[in-house]
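A.B. asks: 3D model of this:
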Amino acid sequence: MKIKLLIAVLLLFGVLTLAHADINVGVSLCATGPAASLGIPQKNTFPLLSATIAGEKVNYIVLDDASDTTTAVKNARKLVSEDKVDLLIGSSITPNSLAMIDVAAESETPLISMAVATTIVAPMDAKRHWVFKVGQNDSQMAGAVAGHMNTIGVKTVAFIGYNDAYGENWWKEFERAAETHHLQIVANERFNRTDTSVIGQILKIMSANPDAVLIAGSGTPSALPQKTLKEKGYKGKIYQSHGAANSDFLRVCGKDCEGTFMPAGPILVAAQLPDSNPIKNSALEYINRYETLYGPGSITTFGGHAWDAGLLLANAVPSALKKARPGTKEFRAALRDAVEQTKELYASQGVFNMTPADHLGFDDRARVMVRIEDGKWVLER
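C.D. replies: Got it, this is the predicted structure:
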């Protein structure tokens, strides 16, 4: 009788413990290394996210992958095996996010990437079934750049991008967009995130005499080709990718940034958007909360990716809780399904409408063209 009573008590304790299990979210981001200007505002954003969702406590376990692919994988494995997380968020950059996909698929843990490459979520397959992202597709942004070039009379363009998955994806997407908009690409160069000189690449570009140069980098390293172009006397138009849309880039690039064009998420110029824009209020809410804590002008599009990942989670949890409890395989699967069913969710960067084939779900409302004027972002109208 005593043994039966003990078993009953233990079973009851187990049920009660499971019933009150927290939701654990594992985050790997680039708080240090070459991509720190992306990862730091993302890290700063997690304290702003909801501590409870649908009455359940949420724990955000944030690790630094130091902008290193191997470390991102180690972080992901630790988070799923030791911390038993229900959801992975990360990383800040494309190579690290791509490397985390295997961990997410093997552990059947949904992953929300804060990077931008289309290849993170496409083409859809058994592994990407578990993966979502909140950064605008490089295909969307490349189309915006090529279209803008066309409207201002650019005929020839040179490309210089990172020598990694980010740069390669941008090259592929821009090559397609350039053909659509009848632009002639006259040079294609690469550089590394940690390079201290790109003089050789810039001299090759200038010898081709392009009307415009597109730099496909992210964070502060994106400033190096631009400063070198200015130093060597280049007079044409300069474009950056949306990976450079933060204040640290402006600080490092300084006066050499003036007149630069780039595509960006609408959060970057939220106050300049018309009141009719459905994203404006959502973006301003995040901006006000972030700048109240970190100071005026501290907002970045990259922190907005972390905020939007939090919105996806908050939107999905109530549905997932109807099917299973946190800390279980069934809850992870239900959470994945709920994220995939997201519809008309207004975020800081766009409006999410996910489908089984589209694990981003953004349309053209998720992009604007901006230029840098007097050290500030100005909406191109």
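A.B. asks: pull the longest helix from this protein.
C.D. replies: In the chain, assigned by DSSP state H, the helix with the most residues is helix 301-321.
A.B. asks: Would you mark the buried spots in that helix?
C.D. replies: Within helix 301-321, the residues that count as buried by 16 or more other C-beta atoms under 10 Å are 301-317, 319-321. (Glycine included, C-beta is placed from N, CA and C.)
A.B. asks: try stretch 161-177
C.D. replies: By neighbour count on 16+ other C-beta under 10 Å, the buried set for stretch 161-177 is 161-162, 164-174, 177.
A.B. asks: any residues touching that stretch, and which ones?
C.D. replies: For stretch 161-177, contacts defined as C-beta atoms under 8 Å, 6 or more residues apart in numbering pick out 93-95, 98, 115-119, 137-139, 141-143, 145-147, 159, 185, 188-193, 214-218, 221, 241, 243.
A.B. asks: Relative to the whole chain's centre, how far out is it?
C.D. replies: Centroid separation for stretch 161-177 versus its chain: 16 Å, with C-alpha atoms, centre = their mean, to the nearest Å.
A.B. asks: go on, stretch 160-169?
C.D. replies: Put simply, stretch 160-169 sits 16 Å off its chain's centre (C-alpha atoms, centre = their mean).
A.B. asks: for stretch 62-69, same thing?
C.D. replies: Distance, centroid of stretch 62-69 to centroid of chain: 15 Å (C-alpha atoms, centre = their mean).
A.B. asks: Just the endpoints, please. Distance across that stretch?
C.D. replies: Stretch 62-69 has an end-to-end distance of 16 Å (C-alpha to C-alpha, to the nearest Å).
A.B. asks: Stretch 354-371 too?
C.D. replies: Counting by C-alpha to C-alpha, you get 30 Å between the two ends of stretch 354-371.
A.B. asks: And for stretch 236-250?
C.D. replies: Length of stretch 236-250, first residue to last, C-alpha to C-alpha: 19 Å.
A.B. asks: what's the offset of that stretch from the middle of its chain?
C.D. replies: Between the centre of stretch 236-250 and the centre of its host chain there is 15 Å, according to C-alpha atoms, centre = their mean.
A.B. asks: Same check on stretch 317-337?
C.D. replies: Chain-centre distance of stretch 317-337: 24 Å, with C-alpha atoms, centre = their mean.
A.B. asks: who touches it?
C.D. replies: 18-19, 21-24, 53-54, 56, 84, 86-87, 108-110, 129-130, 316, 338, 341.
A.B. asks: Could you turn the buried ones of these into a PyMOL selection?
C.D. replies: In PyMOL, this line selects whichever of the contacts of stretch 317-337 come out buried by 16+ other C-beta under 10 Å:
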select buried, resi 21+23+24+53+56+84+86+87+109+110+129+130+316+338
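A.B. asks: Which of the contacts of stretch 317-337 fall within strands?
C.D. replies: Applying DSSP state E to those, the entries found in strands are 23-24, 53, 56, 87.
A.B. asks: Adding pLDDT and distance to residue 333, write the residues you listed out as CSV.
C.D. replies: Output for the ones in strands among the contacts of stretch 317-337, formatted as CSV (pLDDT from 0 to 100; distance: C-beta to C-beta, whole Å):
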residue, pLDDT, distance to residue 333
23, 98, 14
24, 98, 16
53, 97, 18
56, 97, 17
87, 98, 12
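A.B. asks: Please produce CSV containing those, extended by distance to residue 237.
C.D. replies: CSV is the format used below for these (distance: C-beta to C-beta, whole Å):
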residue, distance to residue 237
23, 47
24, 47
53, 46
56, 51
87, 42
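A.B. asks: nearest to residue 73, of the residues you listed?
C.D. replies: residue 87 (17.2 Å; C-beta to C-beta).
A.B. asks: per-residue confidence for residue 246?
C.D. replies: Note on residue 246: pLDDT of 84.
A.B. asks: was I right about it contacting residue 298?
C.D. replies: No - contact criterion C-beta atoms under 8 Å: residue 246 and residue 298 do not qualify, at 9.9 Å.
A.B. asks: between those two, who's got more neighbours?
C.D. replies: residue 246 (24 against 16; other C-beta atoms under 10 Å).
A.B. asks: Setting aside sequence neighbours, what's the nearest residue to the more buried one?
C.D. replies: Leaving aside its chain neighbours, residue 246 sits nearest to residue 300 (4.0 Å; criterion: C-beta to C-beta, 6 or more residues apart in numbering).
A.B. asks: just residue 213 next, same as before
C.D. replies: Spatial nearest neighbour of residue 213, excluding adjacent residues (C-beta to C-beta, 6+ apart): residue 158 at 4.8 Å.
A.B. asks: what's the answer for residue 43, then?
C.D. replies: Closest residue to residue 43 apart from its sequence neighbours, by C-beta to C-beta, 6+ apart: residue 31 at 5.1 Å.
A.B. asks: Okay, that neighbour and residue 125: tell me how far apart.
C.D. replies: 30 Å (C-beta to C-beta, to the nearest Å).
A.B. asks: More neighbours: those two, which one.
C.D. replies: residue 31 (20 against 10).
A.B. asks: My guess is the more buried one contacts residue 41. True?
C.D. replies: No - applying C-beta under 8 Å, one finds residue 31 not in contact with residue 41, separated by 10.0 Å.
A.B. asks: Just give me the neighbour total for residue 288.
C.D. replies: Neighbours of residue 288 under the rule other C-beta under 10 Å: 12.
A.B. asks: who does the helix or strand harbouring it touch, helix- and strand-wise?
C.D. replies: According to DSSP states H and E, residue 288 maps onto helix 280-294. On a contact count with 3 or more C-beta pairs under 8 Å, 6 or more residues apart in numbering; DSSP states H and E, helix 280-294 meets helix 36-45, helix 301-321.
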